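Peer 1: One predicted model, sequence on top.
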There are 2 protein chains.
Amino acid sequence: MAAPSFTVTFLGTGSGTPTLARNLASVAIQRLGDLFLFDCGEAAQIQYRRAGLGFAPLRAIFVTHLHGDHVTGLPGLLMSLQLADRAEALTVYGPPGLREYVACNRRALGTGFSYALEIAEVPAAGELLRAPAYGIRCALLDHRVPCLGFRIEEAERPGRFDLQAARALGIPEGPLYGRLQRGETIHLPDGREITPGAVLGPPRAGATVVYCTDTRPCGAAVELADGADLLIHEGTFGEDQGRDARHKGHSTAADAARIALAARARRLAVTHISPRYQDVRPMLEEARAAFPETVIARDLMRLEVYPAGEEPGPE
Amino acid sequence: MAAPSFTVTFLGTGSGTPTLARNLASVAIQRLGDLFLFDCGEAAQIQYRRAGLGFAPLRAIFVTHLHGDHVTGLPGLLMSLQLADRAEALTVYGPPGLREYVACNRRALGTGFSYALEIAEVPAAGELLRAPAYGIRCALLDHRVPCLGFRIEEAERPGRFDLQAARALGIPEGPLYGRLQRGETIHLPDGREITPGAVLGPPRAGATVVYCTDTRPCGAAVELADGADLLIHEGTFGEDQGRDARHKGHSTAADAARIALAARARRLAVTHISPRYQDVRPMLEEARAAFPETVIARDLMRLEVYPAGEEPGPE
């Protein structure tokens, strides 16, 4: 069974104030040996440990906006990385103001770090990070303060290797298979030239996860979430509070579902649930009426994300 | 059975970085309908809820020093009080620098409060708060940065009412008993004058709790803890790390025990335990060798504190 492209762990799924059921906003997204943290509400580092995630794979942190329930855990996490003897540099991406938030906490608490800490203030939509196998970009959402949505997307992967075609062409099994798979043209002992296209299927799309919170329903979220395998979108309220949601710069769970539908996402996880809701079943029903592939996230929930058509079937 | 003078709830008993076993420093001390919070490490507000403590009785917060593991939970708690519609004013006491710490977090995160928040910077030892029935004062401890220890002490209470003496004097049962208990001199119908001293035993001492962390073993702690019914003192390390403890401005559990002994405290709770210790039994043994009435605090441990001689006996 193939490994998932991404493993998403919800560290906190609440909003505003922590409750015994929901910690404040934070989501860990793992891709092979890398871990990316999105938002860092108070106690995120504790949930991070509770989820069994190590600090070593942490590559970067992405902060959506400078409201307390999304960043009050950041100073403590940065200190704990120091106490864990981190040596690798770390970049924290977020909206303008993030640098002063981190700096003033360091000044007031006299914290020095042994690792290089870079604060990357992101004033506009664009690409933040590009590795050969994946990239991360952001868009500007519609909240009461500048707020970023993030998209992490695997690069297109080579097509599947067609073993039957390779055998029919008389290519000897072994290293030549690997070279073709890596996209090289090879020459057989009999002089024939074989291009990768002769034995590889069409290139395959990678998987994509999109994280949008906090925001009113907006076109930027639809665009950012285009075709996402998993859209994580805030649904702070149920339809009972629909007007209040817009007024406060938030979405309902059903709003999130309509965004997922418009973006042709494959799955939706609704998060950033108001402490007023102990029973989220009505919100879930409202959302599923528009977009059936919806779950309401809960703390420490883990979702595996595969590219379309590559999910493992039932055992 | 009489109610305890104080109920002490340890919200976090760790140091430096939170672990799955120990949250960061925070202790709630309740006296009748009032609650005082000492230190506010990250997730203190979550532990506060987990302990079943309501926000309404919170009267004041006391911060020992401006290291992250003692204050990173403060901004979030202040925001949650706002979301809980607090109207009552709140004072946070702590060392110089506390005002800027709170202010810069409010600036960076744009948080406004509906309640009056006063930050009282305390540069020196002295009395912080005086109510008819109790007082709170502080001393300067010996850490790497300015650090306050706190003492909460009940006022002396009137002596016990001697019912037999009152009857022997022929004082009619009823309101006259109450007036004598409140310290008034009364006149009987037959003209005799009765002073409170005739029917009351000697004035009784109130109970005292003292909180000292972080600190090297120091005379100021001994003085502050004089005769305390409960001394809460840091013991970050075991004797295996004794030299390192002093170097870092900390105490061992055995140091804490020696302070309790020198101060003639009645009980000791050792807290601020380094994450390096999963098994605290050796520390406990080391401490008990000097001061038998020692416990190692653990998260959500609750201790009831009575004045000397007033503990309820076994049922």
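Peer 2: Thanks, I have the structure now.

Peer 1: Now do the strands in the stretch 51-200 of chain A.
Peer 2: For the stretch 51-200 of chain A, the strands defined by DSSP state E, counting those that start in this stretch occupy A:58-62, A:90-94, A:117-121, A:126-131, A:134-140, A:148-154, A:186-187, A:193-194.

Peer 1: looking at chain A, which helix or strand is least sure?
Peer 2: In chain A, the helix or strand scored least confidently by mean pLDDT, DSSP states H and E is helix A:175-181, which has a mean of 90.

Peer 1: pull the CA atoms of that one into CSV?
Peer 2: Extracted in CSV, the C-alpha atoms of helix A:175-181 (Å, rounded to 0.1, in the frame of the first residue of the first chain):
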residue,chain,number,x,y,z
PRO,A,175,18.9,-0.4,-13.9
LEU,A,176,17.5,0.6,-17.3
TYR,A,177,14.0,0.5,-15.8
GLY,A,178,15.1,3.0,-13.1
ARG,A,179,16.6,5.3,-15.7
LEU,A,180,13.4,5.3,-17.8
GLN,A,181,11.4,5.9,-14.6
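
Peer 1: Would you map the strands across the stretch 201-315 of chain A?
Peer 2: Assigned by DSSP E, counting those that start in this stretch, the strands in the stretch 201-315 of chain A fall at A:208-212, A:230-234, A:268-271, A:294-296, A:302-305.

Peer 1: In JSON lines: those, plus mean neighbour count and mean pLDDT.
Peer 2: In this view, the C-beta of every residue, glycine as well, is placed from N, C-alpha and C. Shown next, in JSON lines, are these (neighbours: other Cβ atoms under 10 Å in any protein chain shown; pLDDT from 0 to 100):
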{"stretch": "strand A:208-212", "mean neighbour count": "28", "mean pLDDT": "98"}
{"stretch": "strand A:230-234", "mean neighbour count": "30", "mean pLDDT": "98"}
{"stretch": "strand A:268-271", "mean neighbour count": "29", "mean pLDDT": "98"}
{"stretch": "strand A:294-296", "mean neighbour count": "21", "mean pLDDT": "98"}
{"stretch": "strand A:302-305", "mean neighbour count": "17", "mean pLDDT": "98"}
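
Peer 1: would TSV of those strands with distance to B:Gly110 be doable?
Peer 2: Formatted as TSV, the strands of the stretch 201-315 of chain A follow (distance: least, Cβ to Cβ, whole Å):
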stretch	distance to B:Gly110
strand A:208-212	21
strand A:230-234	19
strand A:268-271	22
strand A:294-296	29
strand A:302-305	32
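
Peer 1: Format these as JSON lines; extra columns: distance to chain B.
Peer 2: Shown next, in JSON lines, are the strands of the stretch 201-315 of chain A (distance: least, Cβ to the nearest Cβ, whole Å):
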{"stretch": "strand A:208-212", "distance to chain B": "20"}
{"stretch": "strand A:230-234", "distance to chain B": "17"}
{"stretch": "strand A:268-271", "distance to chain B": "18"}
{"stretch": "strand A:294-296", "distance to chain B": "21"}
{"stretch": "strand A:302-305", "distance to chain B": "18"}
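
Peer 1: coming back round to it: hey, which of the strands of the stretch 51-200 of chain A is tucked in deepest?
Peer 2: strand A:148-154 (a mean of 25; mean count of other Cβ atoms under 10 Å in any protein chain shown).

Peer 1: Check whether that one comes near chain B.
Peer 2: No - judged by Cβ under 8 Å from any Cβ of the partner chain, strand A:148-154 stays clear of chain B, getting no closer than 15.9 Å.

Peer 1: quick one: pLDDT of A:Arg157?
Peer 2: Note for A:Arg157: predicted pLDDT of 86.

Peer 1: Report the separation between it and chain B.
Peer 2: A:Arg157 sits 38 Å away from chain B, going by Cβ to the nearest Cβ, to the nearest Å.

Peer 1: give me the beta-bridge partners of that residue?
Peer 2: Beta bridges link A:Arg157 to A:Arg204, judged by DSSP bridges.

Peer 1: isn't it right next to A:Pro202, touching?
Peer 2: No - contact criterion Cβ atoms under 8 Å: A:Arg157 and A:Pro202 do not qualify, at 10.7 Å.

Peer 1: Of the two, which one has the most company?
Peer 2: Higher neighbour count among A:Arg157 and A:Pro202: A:Arg157, with 14 against 10, using other Cβ atoms under 10 Å in any protein chain shown.

Peer 1: residues contacting the residue of chain A positioned farthest from its centre?
Peer 2: Distance from the centre of chain A peaks at A:Asp190, with 48.7 Å (Cα atoms, centre = their mean). By Cβ atoms under 8 Å, 6 or more residues apart in numbering or on different chains, the contact list for A:Asp190 reads A:Gly170.

Peer 1: tell me the phi and psi of it?
Peer 2: Note on A:Asp190: backbone dihedrals following degrees, to the nearest 10 are phi -80, psi 10.
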